[in-house]
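Engineer: model the structure of this input:
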Amino acid sequence: MSKREFENLIGVPVSEAKAILIAQGIEPNSVLSNLGFMGESSSLMSFLSQNIPGVRGASITHDSFFGMTEHAFGMENTWYGTAFTIGSIPPVFAVQYGAYGIYSYDYYYKNMVKE
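Structural biologist: Numbers count the residues shown, from 1 in each chain. Sure thing, here's the model as predicted:
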């Protein structure tokens, strides 16, 4: 099984990639990199995405945008592509949480009617 066979999965959310592989009769773990405890489809990451608001949204935003960018510039399967992907995670989470409510909470707090 070569990595080139699965290039169409780059930028696809992990849940969709798993469904595509299962539909083709391929075991997803044989293709998708789990990277152990901190891997994208590990039990820790699944727990975080299901229990901390915003983690799933930030993950989907990151995977979609940066997976597409990495593919467009031919950076997949390179050390600098990996560095780009890992380095882009914190800014995506900062933007996502900013959009989710940091400013909204500040607005509501300042404008609450005190009884």
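Engineer: from here on, contacts and neighbour counts on C-alpha atoms
Structural biologist: OK.
Engineer: ok, now which ones touch G81?
Structural biologist: 70, 75 (C-alpha atoms under 8 Å, 6 or more residues apart in numbering).
Engineer: distance of the spatially most central residue of the chain from Y105?
Structural biologist: The residue lying closest to the centre of the chain (C-alpha atoms, centre = their mean) is S59, at 2.8 Å. From S59 across to Y105, the span is 22 Å (C-alpha to C-alpha, to the nearest Å).
Engineer: repeat that for H71.
Structural biologist: H71 is 37 Å from Y105, by C-alpha to C-alpha.
Engineer: between the two, which one's more packed in?
Structural biologist: Neighbours per residue (other C-alpha atoms under 10 Å) separate H71 from Y105, with H71 holding more: 17 against 11.
Engineer: can you tell me the helix or strand for the more buried one?
Structural biologist: helix 55-72 (DSSP states H and E).
Engineer: other SSEs contacting that helix?
Structural biologist: helix 43-51, helix 79-87, helix 89-97 (3 or more C-alpha pairs under 8 Å, 6 or more residues apart in numbering; DSSP states H and E).
Engineer: how near is the nearest residue to Q96 once chain neighbours are set aside to I89?
Structural biologist: The shortest distance from Q96 to any residue other than its chain neighbours is 5.7 Å, reached at A58 (C-alpha to C-alpha, 6 or more residues apart in numbering). Going from A58 to I89 by C-alpha to C-alpha gives 9 Å.
Engineer: state the mean pLDDT of the helix holding H71.
Structural biologist: For helix 55-72, mean pLDDT rounds to 83.
Engineer: just the pLDDT for G101.
Structural biologist: Reported pLDDT for G101: 69.
Engineer: just name the shakiest helix or strand of the chain by mean pLDDT.
Structural biologist: helix 103-111 (a mean of 73; mean pLDDT, DSSP states H and E).
Engineer: then that one to PDB, C-alphas only?
Structural biologist: Extracted as PDB, the C-alpha positions of helix 103-111 are listed here (Å, rounded to 0.1, in the frame of the first residue of the first chain):
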ATOM      1  CA  TYR A 103     -15.200  39.100  22.600                       C
ATOM      2  CA  SER A 104     -18.800  38.000  23.000                       C
ATOM      3  CA  TYR A 105     -18.300  37.100  26.700                       C
ATOM      4  CA  ASP A 106     -16.600  40.500  27.300                       C
ATOM      5  CA  TYR A 107     -19.500  42.300  25.600                       C
ATOM      6  CA  TYR A 108     -22.200  40.400  27.600                       C
ATOM      7  CA  TYR A 109     -20.300  40.900  30.800                       C
ATOM      8  CA  LYS A 110     -20.000  44.700  30.300                       C
ATOM      9  CA  ASN A 111     -23.700  45.000  29.200                       C
END
